[in-house]
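> what follows is a predicted structure for the sequence shown.
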Amino acid sequence: MAGIGPMELIVVLVIALIVLGPKKLPEAGKSLGKGLREFKGSLSGDHEDETPQLHAQQHAEPQHDSAA
């Protein structure tokens, strides 16, 4: 299995710079990083956008009426 060496990384970065330009490259990097974080979070089950109250409600055991 071949790994990505420093030369391959430089080639990819140069191509990205040519295609996106110097103004759009940082924005593309931020978007890529955010997407990877969301993907990783969805795989591990972490959800940053949930409020603690909602999280507690989802994991609470359902209560049964004993009068029924």
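Good, I have the coordinates.

> quick check: mean pLDDT of whichever helix in the chain runs longest?
In the chain, ranked by residue count with DSSP state H as the criterion, the top helix is helix 6-44. pLDDT averaged over helix 6-44 equals 92, rounded to a whole number.

> tell me which other helices or strands it touches.
Contact here means 3 or more CB pairs under 8 Å, 6 or more residues apart in numbering; DSSP states H and E; on that basis helix 6-44 packs against no helix or strand. (Each C-beta comes from the backbone N, C-alpha and C, glycine too.)

> check which residues of it are buried.
Neighbour-count burial for helix 6-44, with 16 or more other CB atoms under 10 Å as criterion, is recorded at no position.

> L25 contacts L17, correct?
Yes: under the contact definition of CB atoms under 8 Å, L25 touches L17, with a separation of 5.9 Å.

> tell me the secondary structure for A2?
State at A2, reduced to three classes by DSSP: H, G, I helix; E, B strand; the rest coil: coil.

> now do it, the pLDDT please.
At A2, the model reports a pLDDT of 70.

> and it, how far is that from E8?
In this view, A2 and E8 are 9 Å apart by CB to CB, to the nearest Å.

> and what of L43?
Between L43 and E8 the distance is 26 Å, computed by CB to CB.

> now swap in G33 and tell me
20 Å.

> again, but for V19
V19 sits 16 Å away from E8 when distances are taken as CB to CB.

> kindly report the same for E27.
Looking at E27 against E8, where the rule is CB to CB, the gap reads 24 Å.

> A28 contacts L20, correct?
Yes: distance between A28 and L20: 5.4 Å, which falls inside the contact criterion (CB under 8 Å).

> noted, bye for now.
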